[in-house]
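S.K.: My questions concern the predicted model and sequence given below.
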Amino acid sequence: MFAFPRRLMYLSPSSFNLFTMTCAITVASDNKYIILKFQGDVTRQSTGKYILEAHELGRKLCINEYLVDMTESRNVDPVIENYEYVHIDMEQAAIPKTARVALLVAPDDHSHDFIVTVFRNAGHNLKLFTDRSQAIRHLLKDSSAASV
């Protein structure tokens with residue numbers, strides 16, 4: 001069996017266009033937060049696996065802070081998919097609402113604004129950033145890297 005390393009090809013349910021999306025998951029050099037670096041268009045179906053993998057890694061390493069870098073990604077899902085991602089997928093996966101998440105996006109990209117609002121309204125500790133250093137400061141404040 002042949003597996004593509006961290007590369008996913010899929011048909012977008014909303015437009016049926018072929019997209020390629022990649023995600024690299026790493027631990028910061030100081031071991032205080034986990035970095036998810038997405039490239040390409042993202043949807044509910046393309047990101048779920050990586051979010052679960054990152055949170056599992058966080059549980060194993062007692063890390064509860066996540067830098068989600070989507071500076072090279074756009075959210076192409078319709079509003080209902082964003083809503084269901086938060087209220088169905090994240091609930092079923094038991095993603096802890098206490099996880100501190102900094103979502104880093106390109107300054108001119110507003111495709112993630114709605115899902116950020118949905119996450120925050122659902123009680124998740126997620127904040128949107130366009131500056132990497134501010135995002136990292138947010139993750140590390142009040143922290144000796146708070147554990148799960």
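M.R.: Received, thanks.
S.K.: Distance-wise, check the residue nearest the centre of the chain relative to R100.
M.R.: Nearest to the geometric centre of the chain sits V68, at 4.7 Å (C-alpha atoms, centre = their mean). For V68, the distance to R100 equals 11 Å [C-beta to C-beta, to the nearest Å]. For glycine as for every other residue, the C-beta is placed from the backbone atoms N, C-alpha and C.
S.K.: Just the buried positions in the longest helix belonging to the chain, please.
M.R.: Scanning the chain for the longest helix, with DSSP state H as the assignment, gives helix 44-61. Residues of helix 44-61 classed as buried under the neighbour-count rule (16 or more other C-beta atoms under 10 Å) are 44-48, 50-51, 54-55, 57-58.
S.K.: tell me what that helix is packed against?
M.R.: strand 7-11, strand 18-27, strand 34-39, strand 65-72, helix 79-84 (3 or more C-beta pairs under 8 Å, 6 or more residues apart in numbering; DSSP states H and E).
S.K.: follow-up on the earlier one: for the residue nearest to the centre of the chain, which residues are in contact?
M.R.: 36, 38, 101-104 (C-beta atoms under 8 Å, 6 or more residues apart in numbering).
S.K.: Kindly report the same for I95.
M.R.: 51-52, 55, 124 are the contacts of I95 under C-beta under 8 Å, 6+ apart.
S.K.: that's a strand at it, yeah?
M.R.: No - with DSSP: H, G, I helix; E, B strand; the rest coil as the criterion, I95 is assigned coil and is not in a strand.
S.K.: Might you list the low-confidence residue ranges for this protein?
M.R.: Judged by pLDDT under 70, the chain has its weakly predicted residues at 1-19, 143-148.
S.K.: Sounds good, over and out.
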